[in-house]
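Q: everything below, folded, please.
(2 chains)
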Protein chains: 2
Amino acid sequence: MTIDTRQDYLQASLAQVVQLLNRMRLVEDLVHKQNMPRHELVENLVHKQHRNELAKKLDQLHPADVAYILEALPLNDRLLVWDLVKADRDGEILLEVSDAVRETLIESMDREELVAAAEQLDTDELADLAPDLPSQVVYEVMGGLDVKERAQLESVLSYEEDQVGSVMDFDLVKIRADVSLEVVLRYLRRFEELPDHTDKIFVVDEAETLVGVLPLNKLLISDPETEVAEVMARDVVTFLPEDDVGDAAQAFERYDLVSAPVVNLNHTLIGRLTVDDMVDYIREESESEVLSMAGLKEEEDLFASVWDSVRNRWAWLAINLCTAFVASRVIGAFEGAIQNLVALAALMPIVAGIGGNSGNQTITMIVRALAMGQMQLTQAWRLWRKELGVSIINGLVWGGILGVVAWLLYDSLPLGLVMTAAMTLNLMLSATMGVMIPTLMQKFGRDPALGSSVLITACTDSGGFFIFLGLASVFLMR
Amino acid sequence: MTIDTRQDYLQASLAQVVQLLNRMRLVEDLVHKQNMPRHELVENLVHKQHRNELAKKLDQLHPADVAYILEALPLNDRLLVWDLVKADRDGEILLEVSDAVRETLIESMDREELVAAAEQLDTDELADLAPDLPSQVVYEVMGGLDVKERAQLESVLSYEEDQVGSVMDFDLVKIRADVSLEVVLRYLRRFEELPDHTDKIFVVDEAETLVGVLPLNKLLISDPETEVAEVMARDVVTFLPEDDVGDAAQAFERYDLVSAPVVNLNHTLIGRLTVDDMVDYIREESESEVLSMAGLKEEEDLFASVWDSVRNRWAWLAINLCTAFVASRVIGAFEGAIQNLVALAALMPIVAGIGGNSGNQTITMIVRALAMGQMQLTQAWRLWRKELGVSIINGLVWGGILGVVAWLLYDSLPLGLVMTAAMTLNLMLSATMGVMIPTLMQKFGRDPALGSSVLITACTDSGGFFIFLGLASVFLMR
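A: Below is the predicted model:
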């Protein structure tokens, strides 16, 4: 099946699910509207048929596809569909859906259902899910694990969300260095299945210390008589469980890795990282960057209730209102000047607006460069000079044009000159703040993306009004 | 080497490079400043030593790490370092650097250097680089390829940048279905090296039609006597060269793929996709989304010249100025009202600002959902109702608070009421536009992210001023 067909199929499946849901609604409505005593038999018959059809449809789909459908449905439909998913697939699907949707699904399940779902999972999958589960459920599931698994789960759970330890898995193949490849091949045939994303086998000594890796490629092309030690790679990219997941993802990207070993400080092999988790991380990270620049938390579900959305967004709106209030008081301080020359009121948003737009361009670039580790803090100085150059050129060009427009519109050359000067100065302010805000955030260990757009706009608004109205007061009010 | 050590090492290497560059500068300056006739011998001696040291340092680094260092250096330093990189690594490194940096490096090379660099690459790598090379160079390199390679290169180059065909490679291992795994294992041992990211072998018939894939995992765990046909997977995710790369990347993410076959409409195997290209794509895509929301083109190099930056950003600044001018004329139309009640001038940016902030939150969510394929256009209606609900609540709460503030500040209850009403209405406008703009963009086949932030701000500014000043004119000026 080509991916096009597959996507069409997925879209068609979604449409089919929606249609079945609508039909089920229709039957319910009918029974309701006719106000007759719930005619159980009829309703049950048609309903049952639809339900069965829906359940069959869902059964045929890949867990990731069911997750996609759940994400694309509004809450009440989503829960109806979730109810029809076979219980033995609950665990897998919970892993695939987005955080926000997962929360809604988990809320709808009772303790036994959750325990049953969690018990289907591997240790590392369970660890991914555990933070979202009620602690009572986690406790109960842990009771069912053997000693080794429980220790693994506890260790994964002990790391922060952005540490390598929290995403590593334990499903790996280890061999010794002093055996022949023939022995390795025989050993592998004893497995029922190799772990996903096995592109290399880890070579350890008696103390479980990592001494190298044997890529499957090498295993396959080399003479079976060769010893592992002869063909294994010794210069291996390894990770500590305390390392930052973002750094790990960059390393996967930079060195094109599929899997990599996680070791402790004694270089003892304790787990591995795989590229699928890194891809998920990269995707989530870029998402949360986009969202946090606009002052949104990352978890908002597209179909979240109005109330949840309000809660998710109120903080930055409040900050925005405070900064807007400050800008308003800046204008308030110049009410006399505006009364004298009402054109100022009409022109001032232009000065503020261009500063905000240009500042957003600068801050977006800097935030991105910081996130990619391409910019050292020591370079802020040089970048500031460059951005200042850009803003002076833009100020003179666009400020010049708007100055002429203001001159012609209000028949006042001095007003035009003030306009040009104010635009240039506000653009310089926006360049300065655009470099300074994320650099300082980073320096003090904060996320440079967080609300950066709101902050820069605050600076350029208040600053723009102050510069323009201040210049006008000094030069035009005599 | 753990990744931490590796990163420290990379940072240390960068610092070392910068130090050597500075020392070289110092020597040059000294010779210059003392105004003595360029004392060739001394300069050459010290210079040479530093150059050698730098070249040695660069030689030890992974191509991806050299690329990182090149990206982190300002232009003149970058070219100096580039000059010292061994010519036989040029090709690899050009592939690793970002588009903007690659452009600066290619500009600094003459034709022979470029041809030499290009000749080191595989067909698919060459295809990645070709669009950035002068056509004369591409032509010359093509002349050196054999017929099959040239046909491959031409086919890759014939696809658009966002089509699967443009990123596929041809480096793959094919086998027949009717042989035993033992035969496959013997066949693989004849390779000097398997292609990168080989996690499965493609099974084809005599006509090169894809009939299945043999995952290496299966090959390794199964009895060598088994026939390929017995263990191969037949339900394979395949791609057409015309498919969208974004869809392919999502499929890789959803189905946790490492490599996947590309086939034509007859299901003939023509190439394959690998996860490293998909990771690069996901990263680039999310970057360009962030940048294009702020109205930046994706290629801007952090150390681009002031002039290049001005050119990169001017278009959206111009659009922003036009929209700001419209907003200014809206205010201009109400100059009489402002003259009467100058408080309006101070309060109006608050109304516009909260609309812009809230609109940006809405549009960011919608753009994201559209990019992830999580939102169907048919759902716009439902989402609009939800966003409208959010905006009404926010309008009543925050508008109410600001209304009271305005009332107390200017001692006018009617002014406070106008403020509350205007804020609520502008938030409703921002919700409407925040859903409508990206939905319409998508509907008409445009990138919904492009300049969305600038557009929504334009609507909420002009709209906010109009609503607030209009309400004030009607209800306060009697």
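
Q: which residues sit in contact with residue A:8?
A: Going by C-beta atoms under 8 Å, 6 or more residues apart in numbering or on different chains, residue A:8 touches no other residue. (Each C-beta comes from the backbone N, C-alpha and C, glycine too.)

Q: ok, then the element right after the one helix or strand it maps to?
A: Here residue A:8, judged by DSSP states H and E, is contained in helix A:3-33. Remark: after helix A:3-33, the chain's next helix or strand is helix A:40-60, criterion DSSP H and E.

Q: chain center to the next helix or strand after that next one: distance?
A: The element immediately downstream of helix A:40-60 (helix or strand, assigned by DSSP H and E) is helix A:63-72. In terms of C-alpha atoms, centre = their mean, to the nearest Å, the centre of helix A:63-72 is found 18 Å from the chain centre.

Q: helices or strands next to helix A:63-72 in the packing?
A: Where contact means 3 or more C-beta pairs under 8 Å, 6 or more residues apart in numbering or on different chains; DSSP states H and E, helix A:63-72 is packed against helix A:3-33, helix A:75-84, helix A:90-96, helix A:99-107, helix B:245-254.

Q: dump the ones you listed into TSV; add distance to residue B:458 as well.
A: Shown next, in TSV, are those (distance: least, C-beta to C-beta, whole Å):
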stretch	distance to residue B:458
helix A:3-33	34
helix A:75-84	33
helix A:90-96	39
helix A:99-107	30
helix B:245-254	28
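
Q: of those, which is nearest residue A:189?
A: For those, the distance to residue A:189 is smallest for helix A:90-96, at 27.7 Å, taking C-beta to C-beta.

Q: tell me the gap between the closest one and the middle of its chain.
A: That offset, for helix A:90-96, works out to 19 Å (C-alpha atoms, centre = their mean).

Q: same thing with stretch A:9-28?
A: Stretch A:9-28 has its average C-alpha position 30 Å from the chain's average C-alpha position, going by C-alpha atoms, centre = their mean.

Q: that stretch: which residues count as buried?
A: For stretch A:9-28, the neighbour count (16 or more other C-beta atoms under 10 Å in any protein chain shown) marks A:10, A:13, A:14, A:17, A:18, A:20, A:21, A:23, A:24, A:27 as buried.

Q: from those, which are also near chain B?
A: residue A:14 (C-beta under 8 Å from any C-beta of the partner chain).

Q: now render the buried residues of stretch A:9-28 as CSV, adding pLDDT and distance to residue A:195.
A: Converted to CSV, the buried residues of stretch A:9-28 look like this (pLDDT from 0 to 100; distance: C-beta to C-beta, whole Å):
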residue, pLDDT, distance to residue A:195
A:10, 77, 27
A:13, 82, 30
A:14, 82, 32
A:17, 84, 33
A:18, 83, 37
A:20, 84, 38
A:21, 84, 38
A:23, 82, 43
A:24, 80, 41
A:27, 75, 47
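
Q: any weak-confidence spans in chain A?
A: Counting by pLDDT under 70, the ranges of chain A that qualify are A:1-7, A:31-44, A:293-302, A:372-374, A:478.

Q: can you name the residue of it nearest chain B?
A: residue A:286 (3.1 Å; C-beta to the nearest C-beta).

Q: so that residue touches residue B:281, yeah?
A: No - Residue A:286 is beyond contact range of residue B:281, at 11.9 Å (criterion: C-beta atoms under 8 Å).

Q: what's the burial count for residue A:88?
A: 10 (other C-beta atoms under 10 Å in any protein chain shown).

Q: likewise residue A:413?
A: Residue A:413 is flanked by 13 other residues according to other C-beta under 10 Å.

Q: go on, residue A:193?
A: Using other C-beta under 10 Å, residue A:193 is surrounded by 10 other residues.

Q: against residue B:222, how distant is it?
A: For residue A:193, the distance to residue B:222 (C-beta to C-beta, to the nearest Å) stands at 11 Å.

Q: just residue A:123 next, same as before
A: 27 Å.

Q: next one: residue A:55
A: 35 Å.

Q: higher neighbour count, those two?
A: Shown here are residue A:55 and residue B:222; by other C-beta under 10 Å, residue B:222 has more neighbours (18 against 15).

Q: name the nearest residue to the more buried one, sequence neighbours excluded.
A: residue B:231 (5.0 Å; C-beta to C-beta, 6 or more residues apart in numbering or on different chains).

Q: before we move on, back to that, excluding its backbone neighbours, what's nearest the residue of chain A closest to chain B?
A: Per C-beta to C-beta, 6+ apart, closest to residue A:286 is residue B:286, 3.1 Å.

Q: isn't the one you found right up against residue A:284?
A: No - Residue B:286 lies out of contact with residue A:284 (C-beta under 8 Å); the separation is 10.1 Å.

Q: of the two, which one has the most company?
A: Set side by side, residue B:286 and residue A:284 show more neighbours around residue B:286, with 20 against 14, by other C-beta under 10 Å.

Q: name the helix or strand for that one, please.
A: Counting by DSSP H and E, residue B:286 is found in helix B:275-293.

Q: between helix A:40-60 and the helix holding residue A:8, find me the angle.
A: Between the axis of helix A:3-33 and that of helix A:40-60 there is an angle of 170 degrees, by axes from the mean of the first three to the mean of the last three C-alpha atoms, to 10 degrees.

Q: got the domain boundaries for chain A?
A: Annotated domains of chain A cover A:3-162, A:174-276, A:306-477 [the TED database].
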